[in-house]
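K.L.:
Coordinates for the following, if possible.
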Amino acid sequence: MQLALGLVAALAVSLSPGTAHATSGLHLRVERRAGAEACPDEPALRDAVQARIANASLPPPTERTFSVTYRLAETTFDATIRLLGSDGVARGQRVLHSSGTDCRALLDAVALAISIALQMEDSSPESGPPQPQQPWPSAFDPDDVPQADALPASAPAPPPSVAWSVGAEGGLAFGAAPAPALAGALDLDARVNDWALELDLAALAPATEGVAGGGAVQTWTVGAALRPCRWLGPFEACASVAIDRIEGSGEGIPHPATSDGVFAVLGGRLAVEIPVSVLAIRASANLGAPLQRPSVSIDSVAVWTMPPVSGSVGAGVAFKIP
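P.N.:
Residues are numbered from 1 along each chain as shown. Next comes the predicted model:
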């Protein structure tokens, strides 16, 4: 779906007699939430607003501050425009929506909304008593931008929506087994703005290491982890609580046996994500510390004990659920 630009309304304002405009009094604050990093930044938005009012002829506007917040809502984008007072409190709000997958398509619509608001405010007569300033121009018609969803100035911001994704990762684990082990994981993520909660199901492939005196010890591990996370642009930082089950056995010995145990692990995770349409490519690093260190024994002698800290590195892909 294409964003309509309201050319008729914009031309009607720009061609009105005796108009002149400058943006020296315009202040912009642009915030791009997680997933919306490719949306237009402050310089691009300012250039777009200046281009729309370059041919006007009103005196420079009074000091005006607009905040623009771009947000990824599932597979679409929206831009929340707020007119801020001198105390930083929002005096009015408009929300523009785009159904496309390219957030840059919102640039013209946001620039149009701000330029119309500025022109309507500054089009008061040159003579006569001063006119009270509107928090947001009453003459601003959201129909000038057909894709805009106008909200009353007193209405609260729309509640944040939950963005769901599923992913898979593969990598290499160190310390959680007698030898470096291949690791794999499936995860389900629920994300609200810059915060996320992730459920992870992971497994380590069997890893074998020889022991002194002959024979070998082998382990394999499965587990589940819950991670609260914070996104900072494309970067993610998480805390992690995991419950793992490890199974160990002896090989190449007279009386091999198998034992298993369950233990808890506290840890953390750092990751980076590169969005590609509805997919995202991820790379991660994880550290964990077992609350109780499991060990494997042969003939009642411990031949391997998990170290105090273990880790893994991996890469994978995530799919955003529409």
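K.L.:
quick one: low-confidence ranges for the stretch 1-150 of the chain?
P.N.:
Along the stretch 1-150 of the chain, the parts satisfying pLDDT under 70 run over 1-24, 54-62, 99, 119-150.
K.L.:
For it, just list every one of the strands.
P.N.:
If you assign secondary structure with DSSP state E, counting those that start in this stretch, the strands in the stretch 1-150 of the chain sit at 26-32, 64-73, 76-84, 90-98, 148-150.
K.L.:
Same list, those, but as a markdown table with distance to residue 39 please.
P.N.:
Yep, even glycine has a C-beta here, placed from its N, CA and C like the rest. As requested, the strands of the stretch 1-150 of the chain are arranged in a markdown table below (distance: least, Cβ to Cβ, whole Å):
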| stretch | distance to residue 39 |
| --- | --- |
| strand 26-32 | 5 |
| strand 64-73 | 4 |
| strand 76-84 | 7 |
| strand 90-98 | 10 |
| strand 148-150 | 16 |
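K.L.:
Any chance of a markdown table for those strands, columns distance to residue 270 and mean neighbour count?
P.N.:
Written out in a markdown table, the entries for the strands of the stretch 1-150 of the chain read as follows (distance: least, Cβ to Cβ, whole Å; neighbours: other Cβ atoms under 10 Å):
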| stretch | distance to residue 270 | mean neighbour count |
| --- | --- | --- |
| strand 26-32 | 21 | 16 |
| strand 64-73 | 21 | 20 |
| strand 76-84 | 27 | 21 |
| strand 90-98 | 32 | 20 |
| strand 148-150 | 37 | 18 |
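K.L.:
closest to residue 293 out of the ones you listed?
P.N.:
With Cβ to Cβ, the closest approach to residue 293 among the strands of the stretch 1-150 of the chain belongs to strand 64-73: 41.6 Å.
K.L.:
Using PDB, write out the CA atom coordinates for that closest one.
P.N.:
As requested, C-alpha coordinates have been extracted for strand 64-73 and formatted as PDB (Å, rounded to 0.1, in the frame of the first residue of the first chain):
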ATOM      1  CA  ARG A  64       8.400  24.600  18.000                       C
ATOM      2  CA  THR A  65       9.600  21.100  19.000                       C
ATOM      3  CA  PHE A  66       8.300  17.900  17.400                       C
ATOM      4  CA  SER A  67       9.300  14.400  18.500                       C
ATOM      5  CA  VAL A  68       9.000  11.600  16.000                       C
ATOM      6  CA  THR A  69       9.100   8.000  17.200                       C
ATOM      7  CA  TYR A  70       9.400   5.200  14.600                       C
ATOM      8  CA  ARG A  71       8.300   1.800  15.700                       C
ATOM      9  CA  LEU A  72       8.200  -1.700  14.200                       C
ATOM     10  CA  ALA A  73       4.700  -3.100  14.700                       C
END
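K.L.:
Quick check: can you name the pairing partners of it and their directions?
P.N.:
Paired with strand 64-73 in the same sheet, following DSSP bridges, are strand 26-32 (parallel), strand 76-84 (antiparallel).
K.L.:
which residues are contacting the last one?
P.N.:
Residues external to strand 76-84 that are found in contact with it (Cβ atoms under 8 Å, 6 or more residues apart in numbering): 29, 36, 39, 64-71, 90-101, 103, 106, 109-110, 113-114, 117, 135-136, 157.
K.L.:
Over to the shortest one?
P.N.:
Strand 26-32 is contacted by residues 39-42, 45-46, 49, 61, 63-70, 84, 114, 118 when judged by Cβ under 8 Å, 6+ apart.
K.L.:
Figure out which of the strands of the stretch 1-150 of the chain is closest to residue 260.
P.N.:
Using Cβ to Cβ as the measure, strand 64-73 is the one of the strands of the stretch 1-150 of the chain that comes nearest residue 260, at 42.8 Å.
K.L.:
Just want the angle from the closest one to strand 90-98.
P.N.:
Orientation of strand 64-73 against strand 90-98 (axes from the mean of the first three to the mean of the last three Cα atoms, to 10 degrees) gives an angle of 40 degrees.
K.L.:
which residues of the stretch 151-300 of the chain fall in strands?
P.N.:
Secondary structure of the stretch 151-300 of the chain by DSSP E, counting those that start in this stretch: the strands cover 163-174, 181-192, 195-210, 216-232, 235-251, 258-276, 279-290, 295-298.
K.L.:
Now render the ones you listed as JSON lines, adding mean neighbour count, distance to residue 80 and mean pLDDT.
P.N.:
Written out in JSON lines, the entries for these read as follows (neighbours: other Cβ atoms under 10 Å; distance: least, Cβ to Cβ, whole Å; pLDDT from 0 to 100):
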{"stretch": "strand 163-174", "mean neighbour count": "17", "distance to residue 80": "16", "mean pLDDT": "94"}
{"stretch": "strand 181-192", "mean neighbour count": "18", "distance to residue 80": "15", "mean pLDDT": "95"}
{"stretch": "strand 195-210", "mean neighbour count": "17", "distance to residue 80": "18", "mean pLDDT": "94"}
{"stretch": "strand 216-232", "mean neighbour count": "18", "distance to residue 80": "18", "mean pLDDT": "94"}
{"stretch": "strand 235-251", "mean neighbour count": "18", "distance to residue 80": "23", "mean pLDDT": "93"}
{"stretch": "strand 258-276", "mean neighbour count": "15", "distance to residue 80": "21", "mean pLDDT": "92"}
{"stretch": "strand 279-290", "mean neighbour count": "18", "distance to residue 80": "24", "mean pLDDT": "95"}
{"stretch": "strand 295-298", "mean neighbour count": "20", "distance to residue 80": "55", "mean pLDDT": "82"}
